[in-house]
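Q: Fold the following.
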Amino acid sequence: MIVDLPNTTVSKVSKKLSRLREEGGVVALGRVLTLVIQTDFRRIEEVVEAANTASRAHPARVIVLADEVDVPGDARLDAQIRVGGDAGASEVVILRAYGGLAQSLRGLVGGLLLPDAPIVVWWPNSCPDSPAQSDLGKIATRRLTDSANQQDPQKYLKLLAKNYQPGDGDMAWTRLTLWRSQLASLFDRISDEQIDKVEVVGSELSPSADLLAAWFRVKLGVHTEISRTHKGKNVLGIGGVKIHYKGGELKMMRSAEVAKIKQTGKPSASILLPRRSVVDCLVEEMKFMGPDETYAEILKGGFK
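A: Okay, here's the model as predicted:
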């Protein structure tokens, strides 16, 4: 069910949401958290779809804040409530704030938060330089940014490192989960070898490549370089990793959804290494409400 509430107030939205739950026999007790998403008007449906899918693993109340500060005219709030089949395993409240109302986001969501439940704030596109000090970040248990969608991803990682607070997270780091798992297994193959250097092949537009290189430097203490091309061609995202050691080379290079593993003097192998979707990353981040200590260590140690 979709209910539109044009030119409304947060109080009216909250009352309508309560009535819909009573009429439909839906209760909020099954919701494990509140997911607040700040985006722009263009990406509303995209982020709602991702949140709905993720809510099947973590039932939540989803509040989408789409703000347009520079729209001419008086301050106004348009709202839409989605429940039932239109909201996955969640309740979705979409708030379109115009003019001055778009400058007080914490006030808009305050009356819609689930009581005594963790609050996750996600910025899927434009992100604050200091998530924990932002208007929404101050009320959040977890704060999720996406450095890949910033104008200068590498510069933004340095800002995140400078302003890090427990509870911060970034989707570029979450996209590395499968890579780190497979690479940890690869290093077991050459645990007795003297490693000369590690080479990460990754796009300049991929902060995940920079985070992966920092992971090698900080956690494994090895010299690490980043190559932005492979065989003279630009790569999309992370193209692969080459580990140079005294006795040869071990590399894992990805093409489409498959990574090929080659090692000096050993037979080649292939593994499935798909690119992680936004939903995959969101589900993982919504699973843990505590600080990601490994992410914090890599961020602060690798981007000073």
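
Q: Mind listing what's buried along the lengthiest helix in the chain?
A: Secondary structure assigned by DSSP state H gives helix 10-24 as the longest helix of the chain. Neighbour-count burial for helix 10-24 flags Val10, Val13, Lys16, Leu17, Leu20 (criterion: 16 or more other Cβ atoms under 10 Å). C-beta here means a position set from N, CA and C on the backbone, and glycine is covered the same way.

Q: I'd like those laid out as a markdown table, including pLDDT and distance to Asp74.
A: Shown next, in a markdown table, are these (pLDDT from 0 to 100; distance: Cβ to Cβ, whole Å):
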| residue | pLDDT | distance to Asp74 |
| --- | --- | --- |
| Val10 | 91 | 17 |
| Val13 | 94 | 19 |
| Lys16 | 92 | 22 |
| Leu17 | 88 | 25 |
| Leu20 | 83 | 28 |
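
Q: Out of these, which comes closest to Val36?
A: Lowest distance from Val36 to those (Cβ to Cβ) belongs to Val10, with 13.2 Å.

Q: Relative to Leu35, how far out is the closest one?
A: 17 Å (Cβ to Cβ, to the nearest Å).

Q: by contact count, what packs against the next helix or strand after the longest helix of the chain?
A: If you walk from helix 10-24 toward the C-terminus, the next helix or strand you reach (DSSP states H and E) is strand 33-39. When contacts are defined as 3 or more Cβ pairs under 8 Å, 6 or more residues apart in numbering; DSSP states H and E, strand 33-39 sits against helix 44-54, strand 60-68, strand 119-122.

Q: Need the max-distance pair from the buried residues of helix 10-24.
A: Going by Cβ to Cβ, the pair spanning those furthest: Val10 and Leu20, at 15.6 Å.

Q: Lowest mean pLDDT across the helices and strands packed on strand 33-39, which one is that?
A: Ranked on mean pLDDT, the bottom entry among the helices and strands packed on strand 33-39 is strand 60-68, at a mean of 88.

Q: quick one, that one and helix 44-54 angle?
A: Interaxial angle, strand 60-68 versus helix 44-54 (axes from the mean of the first three to the mean of the last three Cα atoms, to 10 degrees): 170 degrees.

Q: show me the contacts for Lys138.
A: Arg106, Ala132 (Cβ atoms under 8 Å, 6 or more residues apart in numbering).

Q: Doesn't it lie inside a helix?
A: Yes: with DSSP: H, G, I helix; E, B strand; the rest coil as the criterion, Lys138 is part of a helix.

Q: Without its sequence neighbours, what residue ends up closest to the residue lying farthest from the centre of the chain?
A: The outermost residue of the chain relative to its centre, with distances by Cα atoms, centre = their mean, is Gly265 at 39.2 Å. Excluding its sequence neighbours, the residue lying closest to Gly265 (Cβ to Cβ, 6 or more residues apart in numbering) is Gly248, at 6.4 Å.

Q: Many thanks, I have nothing further to ask.
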